[in-house]
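Peer 1: let's see this in three dimensions:
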Amino acid sequence: MEQVPDDWTPVEKGLWEAVRHGRVYDLRTGDDALDDPVNSGDWGPGRTVRAEVVAALLLDGPPAVSGRVASLRMSGVHVTGSLVLAGGAIQHYVELYDCRFEHKVLLSEARAGTLRLIRCLIPRLEASRLITEGDLHLARCVIPGGVRLTDAKIGTDLMLNQAKFGGDRHGRAFAADGLSVNQDVEAERMESDGEVSLRTARIGGRLSLRGAQLRGAPGARNVLNLARINVGHTLYLSGSADASWIDSRTVYGYGYGEPTPLGSPVTPFRAYGGVRLADGRFENACLITDAEFHLGPGQELSMRRIHAPELRFSCRKPPTGHVSLSRARIGNLVDRPGAWPEAGQVGLNGFTYESLRPDGHFSVRERIEWLEKSLSEYQPEPYEQLAAALRRDGSDEDAREVLHAKQRRRRRSLPLPGRLWGLVQDFAVGYGYRPGRAAWWLLLAWALGSLYFSRHEPAPLKADERPHWNAVLYALSQLLPIVDLGQQGWNPGGTSQWVAAGLVIVGWVLATTVAAGATRMLQRG
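Peer 2: Residues are numbered from 1 along each chain as shown. Sure, this is the predicted structure:
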């Protein structure tokens, strides 16, 4: 396009000239209320450009003035008609601020460098299989009909901060299954009224939904679906410090503006519906902090089979529904007691983690209670996993406490005879995890045996040989029959024989328990 067409309006001809010079074509009035693309009234012909003109400038634009770089940079423009760029190659850099589109924008299978649309009103954006060499920015845009970015490929960053998305006829506000982004995806303080779906997406850097407010369509199962996603760095489902986000018209990306003051108010991440992270891979961490999960019937926070070096789960309010970590594999588990849902609402079957790093005080008794609340029926694996993690951290005593709790929970699942025998084992030796208790029982048996035999001296084994009698040593020799204390020459009968036999049995059982406990202590040392 060497010359501007004669049938273009003066406003459109002015845009053609601005593209050639690479300068901003700004039709804003300077009054924020009048320049608001969402809530202001009719902007009139003085701020109107036809969509076909914008398409012509992007697909077959004029050559740049010598010494300049041609680009489409406009602000405060009302674009009428449907902007159809599907399958096209967008030649120029695009940057739009405070623009209003009359109909949806079609970018499916288009190719572009960098596309920046900030604070724009777009009825709907269709951009499946879009390919960009640089960024795609939709920060602070309002898109009532939602966005479709399935199988799109973004060369650097995708920025959705403070954007507002409505749902399409299928209840999806942001459909981006199969999306590929080489660097970061920022969706901080984003608002949606429909499902946000990035299934099987691949993100080279981080995925940040700090302070996002996600609401689902009526009857929808999920508001956020990240199943089988691969994040090269960190997933953030956490709060966002208000700071300069609230009133600024320039801050729209992380790292812009002044540093956040300490103690600044925080807007939590909120999800009003199910959140699905199943089979996700997070190469650095999955951080769920200052988050609220408002789950209804049939909805859950699913982290089934996720892999991450660290999972931080420290919500201030527990989710209102089920949280599943079944078969997830985690390095560090960082959590706090009050972050987890109530009894029976946590699935831990097959959940493995290397170490525990509590965010605040989290005693072993609270940890056992966390386990037992999560299990509707007895399962040994979660107890053994917790005990193994505690041992790796050097907390052998806490690990024994967990295994003791496992046996107690197992006892409740046994028939009556098994429960009764379990009670005896627990009371006597704590299932072998309380060797000190066995030692006390051993001392008590010794004292009672000594008291009994001090009053019931048995007859000597040989009538012509009468060794020196010592009731204390005799009782001890029965409790420890492998030790010869010089009291083997006696032949108890009647009741004394039964008492002696009882001491031998008690001695074998309790002495073995004490020896096993001592062995564990030496191994730990």
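
Peer 1: and stretch 25-35, what's buried?
Peer 2: Within stretch 25-35, the residues that count as buried by 16 or more other CB atoms under 10 Å are 25, 26, 27, 28, 35. Where you see a C-beta, it was placed from the backbone N, CA and C, and this is true even at glycine.

Peer 1: need the max-distance pair from the residues you listed.
Peer 2: Using CB to CB, the buried residues of stretch 25-35 reach their maximum pairwise distance at 25 and 35, which is 14.2 Å.

Peer 1: give me the nearest residue to residue 335, chain neighbours excluded.
Peer 2: In space, residue 335 comes closest to residue 313 once its chain neighbours are excluded; the distance is 4.5 Å by CB to CB, 6 or more residues apart in numbering.

Peer 1: looking at this, that neighbour is in a helix?
Peer 2: No: assigned with DSSP: H, G, I helix; E, B strand; the rest coil, residue 313 falls outside any helix and is strand.

Peer 1: wait, it touches residue 332, no?
Peer 2: No: if you go by CB atoms under 8 Å, residue 313 and residue 332 don't touch, sitting 11.2 Å apart.

Peer 1: ok so, going back, kindly reformat the buried residues of stretch 25-35 as TSV containing secondary structure and pLDDT.
Peer 2: Converted to TSV, the buried residues of stretch 25-35 look like this (DSSP: H, G, I helix; E, B strand; the rest coil; pLDDT from 0 to 100):
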residue	secondary structure	pLDDT
25	strand	96
26	strand	95
27	coil	95
28	coil	94
35	helix	92
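
Peer 1: pLDDT score for residue 233?
Peer 2: At residue 233, the model reports a pLDDT of 95.

Peer 1: repeat for residue 427
Peer 2: Value for residue 427, per-residue pLDDT: 63.

Peer 1: output the below-cut-off pLDDT ranges for this protein.
Peer 2: Where the chain drops to pLDDT under 70, the residues are 1, 243-263, 343, 421-422, 424-437, 463-464, 481-482, 484, 486, 510-525.

Peer 1: the helices in it, which residues?
Peer 2: With DSSP state H, the ranges of helices along the chain come out as 10-21, 32-35, 51-59, 364-374, 380-392, 396-411, 416-429, 435-455, 471-479, 495-524.

Peer 1: residue 313 and residue 332: which is more packed in?
Peer 2: residue 313 (23 against 16; other CB atoms under 10 Å).

Peer 1: what about that one, distance to residue 90?
Peer 2: 43 Å (CB to CB, to the nearest Å).

Peer 1: go on, residue 480?
Peer 2: Residue 480 is 90 Å from residue 90, where distance means CB to CB.

Peer 1: sorry, back to before: tabulate the buried residues of stretch 25-35 (JSON lines), appending distance to residue 124.
Peer 2: Shown next, in JSON lines, are the buried residues of stretch 25-35 (distance: CB to CB, whole Å):
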{"residue": "25", "distance to residue 124": "24"}
{"residue": "26", "distance to residue 124": "26"}
{"residue": "27", "distance to residue 124": "24"}
{"residue": "28", "distance to residue 124": "24"}
{"residue": "35", "distance to residue 124": "23"}
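
Peer 1: now do stretch 384-398: distance from first to last residue.
Peer 2: Terminal residues of stretch 384-398 lie 12 Å apart, using CA to CA, to the nearest Å.

Peer 1: before we move on, what about stretch 121-134?
Peer 2: So stretch 121-134: terminal residues 22 Å apart, CA to CA.
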